[in-house]
Structures are given as C-alpha cells and as structure tokens.
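Q: What would the 3D arrangement of this be:
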Amino acid sequence: HWEDMVRVWEDHAGKIVGVACIEHPDPSHSQYGEIFIQRHPDHPDLLEEMIIFGEETYRDPAKNRVFIWAYDDDRDLIDVVERRGFICRDEPVSHHLEYVIGELPELELSDGYRLLSMAEENDIEKRREIFGRSFDHEDPKEWPSAFSYRELQRAPDYHLDNDFVIVAPDGTYAACCIVWFDELNRIAHLEPLGTHPDHRRKGLAKQIQFAAFRRAKELGATHMPMTGGFEPFYRSIGFEERAVEHPWIKEF
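A: Prediction:
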C-alpha cells in the first residue's frame with residue numbers, strides 16, 4: 001500500500017520539490033510513526049503541509065504519536081514542529097559527518113584479499129549474503145532476497161562498477177559497499193558499508209572505504225556526507241561533524 005503512504009509535491013513546472021514517506025510502513029514495527037520528509041531548500045513553505053500529512057498518515061495507533069528527526073541547524077523544520085506541538089528529546093539520534101575528498105592512499109589489502117566491483121563478478125547470492133552478514137544477520141531470511149537485490153540494481157543511480165566487494169582468500173565476500181553519486185550537488189554517499197564478522201579487525205572496512213572515495217572522486221564528487229554509521233570509525237579516517245540530529249515527538 002505504498003501509494004497511500006507516500007505524498008509528492010510538485011511545482012508549477014511539474015518538478016518534484018517535496019516527498020513525505022515512512023521507512024517502516026507496518027504498524028506493528030517498533031519505529032512506526034516516523035515522518036520522513038525530503039524537500040527542496042527553496043520551498044520551506046511546504047513544511048507545515050508535509051508535517052500535517054505525516055501526522056494524519058503515520059500516526060502510531062498503539063503509542064498514539066508521531067516523530068521526526070531534525071538536525072540542529074535545520075531552523076525551518078524546527079520552527080514548524082515546535083509550532084505544531086512536537087517536543088525535542090535531549091539525546092541525539094545521530095551525527096551528520098562529512099568527508100572532503102582530496103588525496104587518497106593506495107589500496108593495501110591483506111595477503112589473499114582482492115577488491116572487485118559487481119561489474120567484474122555480479123554474484124547476487126554472495127552479494128546478498130555479505131549484505132546481511134555485515135550487519136550481523138546470520139539467518140538467510142534476514143538477508144536481502146535475490147529479487148530485491150536485482151531490483152536495487154535497476155535503480156536509476158545504481159551502476160555495477162560502483163558496487164564494491166572485497167573477496168576473501170576462500171572466494172567468499174568479506175566486505176562490501178555501494179557508491180551513490182549525486183551529480184547535481186557533486187557529493188557521493190555510501191549505502192551500505194560493512195564487513196563480515198569473520199573478517200573484521202583486518203583493515204578491510206577502511207580499505208573499501210578509500211576505494212569508494214577513489215571512485216567517487218573519479219565521478220566528480222568533492223564531498224561525502226554520512227549519517228548514522230559507526231562514528232568512531234568514520235572520524236578516524238577523516239570525517240568531520242557538521243550537525244547533530246535529535247528526535248522530535250508529538251503525542252496526541
């Protein structure tokens with residue numbers, strides 16, 4: 001029923017300038033009630049209408065509430081949610097970090113490990129396993145399905161040569177990451193980035209991260225933002241904090 005859960009705003013020329021959606025559309029999910037919005041910076045006037053839509057559409061019937069995450073430098077959004085009765089929780093949800101892409105070190109992998117892109121070896125079964133195992137999901141039922149990964153590969157901004165894996169000496173995948181390039185803003189994102197539990201503490205995450213930086217730079221990216229990852233790791237390789245995100249909750 002995603003058509004009922006997503007609202008799109010367009011300007012008079014038909015250009016999309018705002019989207020409201022929910023990450024977990026199942027009311028039984030613990031994070032049901034989240035309002036997730038994206039809007040063009042030239043249209044802060046849409047924010048109140050977007051929040052009202054979220055309140056009406058994503059309200060958690062069990063907890064009788066909605067919530068939204070807002071960065072401390074997003075004054076337009078904070079003004080709207082304060083006016084509509086949302087209360088800020090003091091504990092930060094995540095930190096927005098950013099990496100400025102400059103000179104990069106050469107790839108240095110442990111003996112027997114090698115870097116490949118999915119353009120060189122598009123093995124969906126191994127790719128969906130490393131996707132799941134990187135986030136400590138041992139049960140294959142919790143990995144992305146082969147169908148869903150093929151659907152991901154059909155996304156307009158997906159390219160096989162931007163989807164990296166590190167292959168272990170036994171041929172299994174030990175680490176993975178996908179580079180998504182935003183040409184308009186000249187920034188790149190990584191989603192997801194992870195290492196198999198059996199291959200951690202070997203520097204693989206850092207090496208695949210720098211391979212991703214190198215690819216992003218080739219594409220023309222100058223910056224890479226990151227939110228919600230393992231912050232000590234990202235800070236250790238040069239990411240710097242730009243903003244802090246807090247949850248804002250409205251109870252009815």
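Q: Give me the neighbour count for residue 19.
A: Residue 19 has 15 neighbours, counted by other CB atoms under 10 Å. No exception for glycine: its C-beta is placed from N, CA and C like everyone else's.
Q: State the helix or strand in which the residue positioned nearest the centre of the chain lies.
A: Of all residues in the chain, the one closest to the mean position by CA atoms, centre = their mean is residue 191, 5.2 Å from it. In this assignment (DSSP states H and E), residue 191 forms part of strand 187-195.
Q: Residue 37 now?
A: If you go by DSSP H and E, residue 37 is part of strand 36-39.
Q: With residue 69 instead?
A: Assessed by DSSP H and E, residue 69 sits inside strand 65-71.
Q: And that strand, how far out from the chain middle?
A: Distance, stretch centre to chain centre, for strand 65-71: 17 Å (CA atoms, centre = their mean, to the nearest Å).
Q: Show me what it is packed against.
A: With contacts taken as 3 or more CB pairs under 8 Å, 6 or more residues apart in numbering; DSSP states H and E, strand 65-71 sits against helix 47-58, helix 75-83, strand 240-251.
Q: Apply 6 Å and report the result again.
A: Packing partners of strand 65-71 (3 or more CB pairs under 6 Å, 6 or more residues apart in numbering; DSSP states H and E): strand 240-251.
Q: Now the strand it packs on: buried residues?
A: By neighbour count with 16 or more other CB atoms under 10 Å, strand 240-251 contains the buried residues 243, 245-250.
Q: quick one: contacts of that strand?
A: In this structure, residues lying in contact with strand 240-251 by CB atoms under 6 Å, 6 or more residues apart in numbering are 65-73, 81, 85-89, 92-98.
Q: Stretch 63-71 now?
A: If you take CB under 6 Å, 6+ apart as the criterion, stretch 63-71 is touched by 33-35, 55, 58-59, 77-78, 93, 243, 245, 247-252.
Q: Now do the helices in the chain.
A: Taking DSSP state H as the test, the helices found in the chain are 2-5, 47-58, 75-83, 124-133, 146-152, 204-219, 231-236.
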